[in-house]
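Asker: can't give you the sequence, but here's the structure:
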């Protein structure tokens, strides 16, 4: 049973896409619409457009688009029903009690249940005779029992079927264990434990669910850390370790970004409960945007070795682009925060944390170390790199202050430094706009359209198809009339035919015809394609007469395809085709 039409309509009426998106993206008014920096990819020039009147969004840069439900699916990493429930709660609407949960939602629920039981099992093993090695490791790292309990740490025993047998006893199937990635299928076809002889770190999402696991080996085996792979409930590039705790710290003022689980756990134990970490990968724009929902400032606290400092340099622009103020903690006397706290204590670490400089100072300092300030060539190299750093600073006042400091330091006029900074910024902006426009042009032309690969072969027909679809969504009151003039069979490309059929079914069943009505039936990428159709024709005035011309084009293209098929047919098929044409004329 699908959700009632009345409920979806009320949800749509109460979920203004402009208001919903503005909770995640800084939007500026542009006529009747809004523009902002896309939350789904890194960019400096706004290419993300929101159209409240027509109920859709579209990004020219990455091609993401759709209705308000699609937006929530993307930004919150939810399936359709979860996104609807999210919006319903936001709008103060109760979900219909009789709706049937879809297959993906049931699978996600089952995987979360597997993960919960797995976490309980690993915790119980840690506190048993079989967990002696794991307890020894955690004691060596000076973790208190209450810290171990708070983070739900555990231990996976050496046996390769211990967890699988335990979960089977709890009623879970091997397929469910494999889907949760706590097991994998062996050559014999039997499920085998994915983790063994490792200290286990449950990764908990913002709703308190165990979404995944990280495991540290106690021996010399590789990899040192093994993480759950992508599952229907886990995307490692969209989550942060310990954010479920850290989001409640500091009143939403600050987060400390660390490299590893143990750094975070040690910092929480020492009282720094605003520490989080990425999940075995470099920081992603999605993680930076997630942090921006819970803090205004991020202190990057990576290891002091070369790899850690390179990772910090890569993280800074990503955090900046998410609208966060960035500071960098330079640790002296210890390789990582965990070691420093153990050696010098929490009070000393807090002093160093509070004294940490901002990211501009950090990057300028790193640039200065590369060059010989005593030579003209060294000064030029330092200035060029410093100018590139300042060109990436959005705040004009901040840019000018650092330009003045740089000028005083190098003996160059402030005006000269600022002229170079502004020139560098203009070049970067021009390159980015050119790159985004080229990408949009390629997508619009259908040259790399993965959703509708037939478009590049039938550009004229596809253009007419898209115009008709956009017109129906814009003027749904004309849907039935168009349906009488045009059958789905007259569409040349399969994807556009599916969209048209879906719109016609909505109209025939008396359901609201629009982009929101498609969200349940089409994937995120497919919804992006529909949004692109609307965006391509945004601001262009066309009426029913134009639609009739588009229908004529489709009729012509459809007949052309028939003739091409006839040319390739066998003689008997060609004769039958010609006989049919004669009968139609009579």
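Answerer: Thanks, I have the structure now. These numbers were taken from a predicted model, which means no experiment stands behind them.

Asker: How is this protein partitioned into domains?
Answerer: 5-91, 102-232, 235-358, 370-444, 453-531+540-585 (automatic domain parsing).

Asker: Using TSV, please lay out those together with mean neighbour count, distance to residue 364 and mean pLDDT.
Answerer: All C-beta spots, glycine's among them, are computed from the backbone N, C-alpha and C. Shown next, in TSV, are the domains of the chain (neighbours: other Cβ atoms under 10 Å; distance: least, Cβ to Cβ, whole Å; pLDDT from 0 to 100):
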stretch	mean neighbour count	distance to residue 364	mean pLDDT
domain 5-91	19	20	89
domain 102-232	17	33	93
domain 235-358	19	10	88
domain 370-444	15	6	75
domain 453-531+540-585	16	40	83
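
Asker: chain center to stretch 232-246: distance?
Answerer: Offset of stretch 232-246 from its chain centre (Cα atoms, centre = their mean, to the nearest Å): 12 Å.

Asker: what's the first-to-last distance across it?
Answerer: 24 Å (Cα to Cα, to the nearest Å).

Asker: now swap in stretch 15-27 and tell me
Answerer: With Cα to Cα as the measure, stretch 15-27 spans 17 Å from end to end.

Asker: ok now that stretch, how far from the chain's centre?
Answerer: Averaged C-alpha coordinates place stretch 15-27 at 16 Å from its chain's average position (Cα atoms, centre = their mean).

Asker: And the residue most central in space within the chain, how far from residue 349?
Answerer: When Cα atoms, centre = their mean is applied to the chain, the residue found nearest the centroid is residue 286 (4.9 Å). The gap separating residue 286 from residue 349 is 29 Å, by Cβ to Cβ, to the nearest Å.

Asker: Same question for residue 505.
Answerer: Residue 505 is 62 Å from residue 349, by Cβ to Cβ.

Asker: Residue 31 now?
Answerer: When distance is defined by Cβ to Cβ, residue 31 is 51 Å away from residue 349.

Asker: again, but for residue 372
Answerer: Counting by Cβ to Cβ - residue 372 and residue 349 are separated by 34 Å.

Asker: And the strand or helix carrying residue 484, how far out from the chain middle?
Answerer: Using DSSP states H and E, residue 484 falls within helix 479-485. Distance of helix 479-485 from its chain centroid, counting by Cα atoms, centre = their mean, is 38 Å.

Asker: Give me the contact list for the helix or strand just after it.
Answerer: Counting by DSSP H and E, the next helix or strand C-terminal to helix 479-485 is helix 494-508. By Cβ atoms under 8 Å, 6 or more residues apart in numbering, the residues outside helix 494-508 that reach it are 451-452, 454, 462, 465-466, 468-469, 472-473, 476, 479-480, 483, 486, 488-489, 491, 512-513, 517-518, 521-522, 526, 529-530.

Asker: Now do the helix holding residue 484: which elements does it pack against?
Answerer: Judged by 3 or more Cβ pairs under 8 Å, 6 or more residues apart in numbering; DSSP states H and E, the packing partners of helix 479-485 are helix 459-474, helix 494-508, helix 544-567.

Asker: What are the contacting residues of the last one?
Answerer: Okay, so that is helix 544-567. Residues outside helix 544-567 that contact it (Cβ under 8 Å, 6+ apart): 458, 460-461, 464-465, 467-468, 471, 478, 482, 485-486, 489-492, 573-574, 577.

Asker: Give me the distance between it and the centre of its chain.
Answerer: With Cα atoms, centre = their mean, you get 40 Å for helix 544-567.

Asker: and what of the shortest one?
Answerer: Its chain's C-alpha centre and that of helix 494-508 lie 28 Å apart, by Cα atoms, centre = their mean.

Asker: can you check the first one too?
Answerer: For helix 459-474, the distance from its own C-alpha centre to the chain's C-alpha centre is 29 Å (Cα atoms, centre = their mean).

Asker: Just the angle for that helix relative to helix 494-508, thanks.
Answerer: Interaxial angle, helix 459-474 versus helix 494-508 (axes from the mean of the first three to the mean of the last three Cα atoms, to 10 degrees): 30 degrees.

Asker: Now do helix 459-474 and helix 544-567, the angle between them.
Answerer: 140 degrees.

Asker: Likewise for the shortest one?
Answerer: Note on geometry: by the same axes, to 10 degrees, helix 494-508 and helix 544-567 are set 130 degrees apart in direction.

Asker: now for the helix or strand following helix 494-508, which elements pack on it?
Answerer: For helix 494-508, the following helix or strand on the C-terminal side (DSSP H and E) is helix 515-518. Applying 3+ Cβ pairs under 8 Å, 6+ apart, one finds that helix 515-518 contacts helix 5-14, helix 494-508, helix 524-536.

Asker: now what about helix 515-518, what contacts it?
Answerer: Helix 515-518 is contacted from outside by 8, 12, 54-56, 66-69, 473, 499, 502-503, 506, 511, 527, 530-531, 534, using Cβ under 8 Å, 6+ apart.

Asker: same check, this time on stretch 24-38
Answerer: 18, 21-22, 39, 43-44, 46-53, 59, 61-62, 64, 75, 289, 293, 321, 323.

Asker: among those residues, which are in helices?
Answerer: 18, 21, 22, 75, 289, 321 (DSSP state H).

Asker: in the stretch 201-350 of the chain, which spans are strands?
Answerer: Ranges of strands within the stretch 201-350 of the chain are 210-217, 225-227, 254-258, 275-277, 297-300, 325-328, based on DSSP state E, counting those that start in this stretch.
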